[in-house]
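>>> coordinates only, sequence not included:
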Ligand SMILES: *[C@@H]1O[C@H](CO)[C@@H](O)[C@H](O)[C@H]1NC(C)=O
Ligand SMILES: *[C@@H]1O[C@H](CO)[C@@H](O)[C@H](O)[C@H]1NC(C)=O
């Protein structure tokens with residue numbers, strides 16, 4: 001049982017590695033996102049005083065996780081006024 005699980009894990013790792021190679025080869029540009037995703041931002045918003053990752057994602061009705069994934073370079077501990085935040089994005 002343990003051995004079968006280990007083999008499955010290896011298989012998944014190899015699959016992920018192949019996907020990574022394919023996505024890097026296909027991308028043509030450096031993927032900005034987490035994992036293998038590239039972020040296409042459809043709409044940005046200039047941060048206002050008091051905005052945090054959680055207030056903005058709550059106002060947008062999206063999860064903080066998704067908000068983070070469309071703002072891969074954003075430091076949630078350090079949002080400054082008028083910083084561009086992506087408020088509607090797609091992961092491709
Ligand atoms: C995010 O900002 C905080 C506060 O300025 C800083 O201490 C922390 O190192 C930053 N994190 C990253 C990943 O840059
Ligand atoms: C995000 O942008 C897309 C493309 O412009 C649009 O179709 C979609 O309705 C928008 N979603 C939200 C929540 O505004």
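Everything's here; your move. Everything quoted here is computed from the prediction, not taken from an experiment. Ligands and ions are numbered 1, 2, ... in the order given.

>>> please make it C-alpha for all contacts and neighbour counts, starting now.
OK.

>>> A strand includes residue 55, no?
No: counting by DSSP: H, G, I helix; E, B strand; the rest coil, residue 55 is not found in a strand; it is helix.

>>> so what's it scoring on pLDDT?
Note for residue 55: predicted pLDDT of 97.

>>> secondary structure class for residue 41?
Residue 41 - assigned by three-state DSSP - is strand.

>>> who's in contact with it?
Residue 41 makes contact with 70, 86-90, according to CA atoms under 8 Å, 6 or more residues apart in numbering.

>>> then residue 71?
Counted by CA under 8 Å, 6+ apart, residue 71 has contacts 85-86.

>>> again with the one 10 residues further on
With CA under 8 Å, 6+ apart as the criterion, the residues that contact residue 81 are 46-49.

>>> of these, which is the most crowded?
residue 47 (17 neighbours; other CA atoms under 10 Å).

>>> and the end-to-end length of stretch 45-58?
End-to-end distance for stretch 45-58, by CA to CA, to the nearest Å: 15 Å.

>>> measure the spatially closest residue to residue 53 that is not a sequence neighbour to residue 92 for me?
Leaving aside its chain neighbours, residue 53 sits nearest to residue 76 (5.7 Å; criterion: CA to CA, 6 or more residues apart in numbering). Distance, residue 76 to residue 92, by CA to CA: 23 Å.

>>> check residue 75 too.
22 Å.

>>> still on that earlier bit, I figured the residue nearest to residue 53 was touching residue 51, is that so?
No: assessed by CA atoms under 8 Å, residue 76 is found out of contact with residue 51, at 9.7 Å.

>>> circling back: please, which helix or strand holds the residue nearest to residue 53?
Here residue 76, judged by DSSP states H and E, is contained in no helix and no strand.

>>> for residue 75, what are phi and psi?
In terms of degrees, to the nearest 10, the main-chain angles of residue 75 are phi -100, psi 110.

>>> tell me where this protein has helices.
Assigned by DSSP state H, the helices in the chain fall at 2-27, 53-60, 64-70.

>>> more crowded one of residue 76 and residue 92?
Of the pair residue 76 and residue 92, residue 76 is the one with more neighbours under other CA under 10 Å, namely 13 against 10.
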